[in-house]
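# For reference, the sequence and a predicted model appear below.
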Amino acid sequence: MNETKVDWEVRRYEVGEVEGIPLTKIICDKWDKIWAFQAKPDDLLISTYAKAGTTWIQEIVDMIQHDGDLEKCKRASTYERHPFIEWVFHENSPTGLDLAEAMPSPRTLKTHLPVQLVPPSFWEQNCKIIYVARNAKDNVVSYYHFHRMNQIMPEPGTWEEFFEKYVTGKVLWGSWYDHVKGWWDAKDNHRILYLFFEDIKENPRREIQKVLQFLGKHLEKEVLDKIIHHTQFEVMRRNPMANYTFLPPEILDHSISPFMRKGTVGDWKNYFTVAQNERFDEEYKQKMAGTSLTFRMEL
């Protein structure tokens with residue numbers, strides 16, 4: 001990927017909309033192709049709201065699929081191992097769709113799309129889907145730092161400005177509330193394993209066992225121990241195939257904030273003002289009323 005960087009004019013993406021959901025203009029321009037994507041029955045889709053532990057669950061799944069073989073899991077970057085179906089980097093580079101279509105089955109794919117924008121073939125083919133949700137307070141902090149370091153994401157503005165955009169759902173991939181609730185409701189009618197970032201953090205063994213069961217895999221205890229070790233935040237942070245340092249600093253500037261920043265629960269307390277916290281709690285109460293979905297904001 002680095003070889004093409006000389007041709008790239010790196011600038012922050014403009015934002016458009018698909019059915020009211022903010023997406024980059026470059027994604028909107030290719031939307032018809034994305035919507036028409038043909039899933040296969042043995043595809044596995046990993047779905048999350050952005051910055052909710054996506055790379056973490058991708059690494060867990062990859063290690064499970066390769067029986068804990070580290071070399072196989074370092075065969076390529078996360079982006080190439082699990083194509084990001086709606087992502088369009090640049091006119092001159094392969095899109096997530098291109099990578100997905102060129103990949104032999106069985107494929108593991110990734111999306112941040114809200115449930116209503118997932119290409120219909122995934123439902124028609126009854127694909128298995130793993131969804132990871134993260135509490136909104138930590139999610140907004142992580143998303144803010146990601147916008148700062150990612151030189152092609154829309155300009156985040158100040159923390160206060162970004163907080164406002166997030167609360168009102170004016171960020172890429174739309175409202176966190178709609179996203180987590182939409183997928184929560186969908187799990188009753190589809191083959192969806194719904195996991196929580198906080199649960200994986202608290203008890204990785206228990207949560208990875210759920211993934212194993214969902215994928216119909218059985219691994220020996222030693223292999224499971226190895227997977228738990230190698231998918232710890234500090235270990236993954238040093239893994240160049242997972243930490244996104246394979247992208248040039250013109251795109252992801254790790255000197256501003258690392259792609260894998262903290263991976264903790266409760267970091268929001270270092271950012272939220274008392275007023276922001278009250279505002280958020282009020283909003284949260286209204287928007288989460290009537291759902292059985294609950295989150296832990298700290299461990």
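Cool, got the structure. Residues are numbered from 1 along each chain as shown.
# List the contacts of stretch 201-217.
If you take C-beta atoms under 8 Å, 6 or more residues apart in numbering as the criterion, stretch 201-217 is touched by 44, 57, 60-61, 64-65, 128, 130, 193, 195, 199-200, 218-219, 224, 227-228, 231-232, 263-265, 299. Quick note: C-beta positions are derived from backbone N, CA and C, even for glycine.
# in this structure, which residue is closest to the centre?
The centroid of the chain falls nearest to Thr54 when counting by C-alpha atoms, centre = their mean (3.5 Å).
# what are the phi and psi angles of Pro106?
Dihedral angles of Pro106 (phi, psi; degrees, to the nearest 10) stand at phi -80, psi 140.
# Repeat that for Gly16.
According to degrees, to the nearest 10, Gly16 has phi -120, psi -160.
# Distance-wise, check it relative to Gly157.
19 Å (C-beta to C-beta, to the nearest Å).
# how about the helices in the stretch 101-250 of the chain?
121-124, 136-149, 159-167, 176-186, 197-202, 204-215, 221-230, 233-237 (DSSP state H, counting those that start in this stretch).
# centre of the chain versus the last one, how much separation?
Using C-alpha atoms, centre = their mean, to the nearest Å, we find the averaged C-alpha position of helix 233-237 to lie 17 Å away from the chain's own average C-alpha position.
# Could you name the helices and strands sitting against that helix?
Here helix 233-237 touches helix 54-65, going by 3 or more C-beta pairs under 8 Å, 6 or more residues apart in numbering; DSSP states H and E.
# Check the fourth one too.
Contact analysis of helix 176-186 by 3+ C-beta pairs under 8 Å, 6+ apart lists strand 128-133, helix 136-149, strand 192-196 as its packing neighbours.
# if we can go back for a sec, now render the helices of the stretch 101-250 of the chain as CSV, adding mean neighbour count.
What follows is these, written out as CSV (neighbours: other C-beta atoms under 10 Å):
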stretch, mean neighbour count
helix 121-124, 16
helix 136-149, 22
helix 159-167, 17
helix 176-186, 20
helix 197-202, 19
helix 204-215, 16
helix 221-230, 15
helix 233-237, 14
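# so which of those helices comes closest to Ala275?
Nearest to Ala275, of all the helices of the stretch 101-250 of the chain, is helix 159-167, at 10.1 Å by C-beta to C-beta.
# just checking, what packs against that closest one?
Helix 159-167 sits against helix 136-149, helix 274-287, with contacts defined as 3+ C-beta pairs under 8 Å, 6+ apart.
# looking at the helices and strands packed on helix 176-186, which one has the lowest mean pLDDT?
For the helices and strands packed on helix 176-186, mean pLDDT drops lowest on helix 136-149, to a mean of 95.
# That helix versus helix 274-287: what angle between them?
Put simply, helix 136-149 runs at 120 degrees to helix 274-287, going by axes from the mean of the first three to the mean of the last three C-alpha atoms, to 10 degrees.
# Output the contacting helices and strands for helix 136-149.
So helix 136-149, by 3+ C-beta pairs under 8 Å, 6+ apart, packs with helix 159-167, helix 176-186, helix 274-287.
# same thing but at 10 Å, please
helix 159-167, helix 176-186, helix 197-202, helix 274-287 (3 or more C-beta pairs under 10 Å, 6 or more residues apart in numbering; DSSP states H and E).
# To Val88, which of those helices lies closest?
helix 176-186 (20.2 Å).
# was I right about Gln38 contacting Pro119?
Yes - if you go by C-beta atoms under 10 Å, Gln38 and Pro119 touch, sitting 8.1 Å apart.
# Can you add distance to Tyr166 and give the helices and strands packed on helix 159-167 back as JSON lines?
JSON lines is the format used below for the helices and strands packed on helix 159-167 (distance: least, C-beta to C-beta, whole Å):
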{"stretch": "helix 136-149", "distance to Tyr166": "5"}
{"stretch": "helix 274-287", "distance to Tyr166": "9"}
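# mind showing which ranges of the protein have poor pLDDT?
Counting by pLDDT under 70, the chain contains low-confidence ranges at 1-9, 259-260.
# Tell me which of the helices and strands packed on helix 159-167 sits nearest to Met236.
Of all these, helix 136-149 comes closest under C-beta to C-beta, at 14.8 Å.
# Could I get the CA-only coordinates of the closest one as CSV?
Output in CSV follows, covering the C-alpha atoms of helix 136-149 (Å, rounded to 0.1, in the frame of the first residue of the first chain):
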residue,chain,number,x,y,z
ALA,A,136,-21.1,5.6,24.2
LYS,A,137,-19.0,7.6,26.5
ASP,A,138,-15.8,5.8,25.8
ASN,A,139,-16.8,5.5,22.2
VAL,A,140,-17.0,9.2,21.6
VAL,A,141,-13.6,9.9,23.2
SER,A,142,-12.0,7.2,21.0
TYR,A,143,-13.8,8.4,17.9
TYR,A,144,-12.6,12.0,18.6
HIS,A,145,-9.0,10.9,18.8
PHE,A,146,-9.3,8.8,15.7
HIS,A,147,-10.5,11.8,13.8
ARG,A,148,-7.6,13.8,15.0
MET,A,149,-5.0,11.3,13.9
